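S.K.: sharing a sequence plus its predicted fold:
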Amino acid sequence: IRDERVETIVPEEIESPIVGITVMTYMAPRALVLARQLKALGKTVVLGGYFPTLTPEPALADPSVDSIVIGRGEHAWPLLLADFAGGQLKRSYHHPFGRHGYNLPAVNCSLTGPERGYNGWLTQVQTSMGCKFHCRFCAIPLFHSRQFALRDLDDVSDEVAAAPGRRIYFVDDNLLNQPAYLEKLCDRLRPLRKGWSGQLSMDIWQHRRLLKKMGQSGCFWIHTGIESIEEGSLRAQGKRQNMVEHYLDTLNMIRDQGISVSAGMMFGFPTDFASVFETTEAFLDRAALDSVSFHYYTPYPGSPDYNRLHAADQLITRQLDHYDTYHAVVRTKNFSTEELTAKVEALKQRFYRPQQVLKRMLRGLGRGDAG
């Protein structure tokens with residue numbers, strides 16, 4: 001296992017005759033460079049992940065790519081390896097996602113230990129795939145065929161118990177896909193006495209008992225997608241779980257359980273008005289969020305919105321490495337691209353002023369976040 005986020009990849013040091021590369025859309029240019037280097041060394045190269053699943057034709061177009069996996073890799077990979085060993089590798093393997101439960105192989109932490117940048121302060125664990133909501137701007141519904149699947153709870157609790165650290169980060173797209181499942185997970189987590197964090201949707205305000213169980217089971221941090229405080233943009237994007245009038249109460253409910261909150265905010269929706277920056281600034285002043293990630297509306301290649309905006313010549317660029325939500329890629333009608341990027345940067349700078357960061361750190365210590 002090699003992860004270029006934490007270690008340098010040297011193709012010449014890879015001994016395996018076949019290499020699988022997980023590729024998100026914005027990583028595609030770099031992944032194809034790596035694929036060409038590996039192909040030149042005589043390796044068989046397979047791509048999987050968002051890029052080949054959402055856009056299989058461009059993924060297969062590069063001559064350095066021998067095969068792609070569309071959908072669930074844990075089903076496809078054993079079949080692919082058997083075909084490779086038998087000299088019958090197919091050009092693509094398609095295993096769609098479904099609602100049925102699933103197990104994962106036991107994690108070998110020696111492959112991903114602290115000395116390689118993993119499993120130090122926290123250990124990553126997955127309990128579900130996909131999301132119950134179908135927000136238009138999000139690539140998750142497309143990737144998971146608008147479905148979600150829940151992992152066997154025995155499987156999850158065994159992995160958490162065996163994790164080398166005392167803190168767990170659940171990498172699920174939405175821990176609140178099925179509230180009853182999360183409640184049972186909390187029951188499993190409480191006796192393990194490990195701190196945990198993850199991300200869930202803003203409809204958590206409907207589940208006060210569950211929130212209390214989350215706090216009692218060791219939850220110390222939650223990330224949630226607020227995205228926008230403009231009702232029109234939320235409705236246009238199908239984000240029906242977000243109700244602006246409940247935002248502040250929801251955040252307070254979470255904090256009342258001793259849980260810190262971070263949020264994602266998104267700008268540049270086609271229906272955004274120029275006033276969105278001023279109203280967002282006022283909201284952030286009141287919301288007392290511990291951290292905020294600032295994003296740009298990004299219709300991913302392969303999505304209906306991308307195709308529609310491309311046909312209407314509303315895309316600023318088709319350069320894949322800009323499709324990471326941190327670059328403006330769509331022309332807006334109510335303000336210029338320059339105004340959009342300047343206003344978002346100003347919001348970011350204001351939120352992360354040193355005095356504001358210090359205030360949030362002290363508030364977090366009061367809740368026990370450092371534990």
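M.R.: Yep, it's here. Numbers count the residues shown, from 1 in each chain.
S.K.: pull up the gap between the residue nearest the centre of the chain and V344, please.
M.R.: Nearest to the mean C-alpha position of the chain, by CA atoms, centre = their mean, lies D173 at 5.8 Å. As judged by CB to CB, to the nearest Å, D173 and V344 stand 24 Å apart. Yep, even glycine has a C-beta here, placed from its N, CA and C like the rest.
S.K.: if we can go back for a sec, what's the residue nearest to the centre of the chain in contact with, if anything?
M.R.: By CB atoms under 8 Å, 6 or more residues apart in numbering, the contact list for D173 reads 128-131, 140, 148, 199.
S.K.: helix, strand or coil for the closest residue to H310 other than its chain neighbours?
M.R.: Excluding its sequence neighbours, the residue lying closest to H310 (CB to CB, 6 or more residues apart in numbering) is R318, at 7.3 Å. Recorded secondary structure, R318: coil (DSSP: H, G, I helix; E, B strand; the rest coil).
S.K.: helices of the stretch 101-250 of the chain, start to end?
M.R.: Taking DSSP state H, counting those that start in this stretch as the test, the helices found in the stretch 101-250 of the chain are 140-143, 153-162, 179-189, 208-216, 231-236, 247-255.
S.K.: out of those helices, nearest to G87?
M.R.: Each of those has some distance to G87 by CB to CB; the shortest is helix 140-143, at 30.7 Å.
S.K.: so where's the chain uncertain?
M.R.: Along the chain, segments meeting pLDDT under 70 span 98-100, 111-120, 364-371.
S.K.: just so I have it, where are all the strands in it?
M.R.: 18-22, 44-48, 67-71, 92-95, 123-125, 128-130, 148-150, 167-170, 195-199, 219-227, 260-267, 291-296 (DSSP state E).
S.K.: save those strands as JSON lines, and put in distance to I254 and mean neighbour count too.
M.R.: What follows is those, written out as JSON lines (distance: least, CB to CB, whole Å; neighbours: other CB atoms under 10 Å):
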{"stretch": "strand 18-22", "distance to I254": "32", "mean neighbour count": "19"}
{"stretch": "strand 44-48", "distance to I254": "35", "mean neighbour count": "23"}
{"stretch": "strand 67-71", "distance to I254": "33", "mean neighbour count": "23"}
{"stretch": "strand 92-95", "distance to I254": "36", "mean neighbour count": "17"}
{"stretch": "strand 123-125", "distance to I254": "21", "mean neighbour count": "19"}
{"stretch": "strand 128-130", "distance to I254": "20", "mean neighbour count": "23"}
{"stretch": "strand 148-150", "distance to I254": "22", "mean neighbour count": "19"}
{"stretch": "strand 167-170", "distance to I254": "16", "mean neighbour count": "20"}
{"stretch": "strand 195-199", "distance to I254": "12", "mean neighbour count": "21"}
{"stretch": "strand 219-227", "distance to I254": "6", "mean neighbour count": "23"}
{"stretch": "strand 260-267", "distance to I254": "5", "mean neighbour count": "20"}
{"stretch": "strand 291-296", "distance to I254": "14", "mean neighbour count": "18"}
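S.K.: make TSV from those and add distance to K239 to it.
M.R.: Output for those, formatted as TSV (distance: least, CB to CB, whole Å):
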stretch	distance to K239
strand 18-22	27
strand 44-48	28
strand 67-71	25
strand 92-95	29
strand 123-125	26
strand 128-130	16
strand 148-150	16
strand 167-170	21
strand 195-199	15
strand 219-227	6
strand 260-267	10
strand 291-296	13
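S.K.: noted, bye for now.
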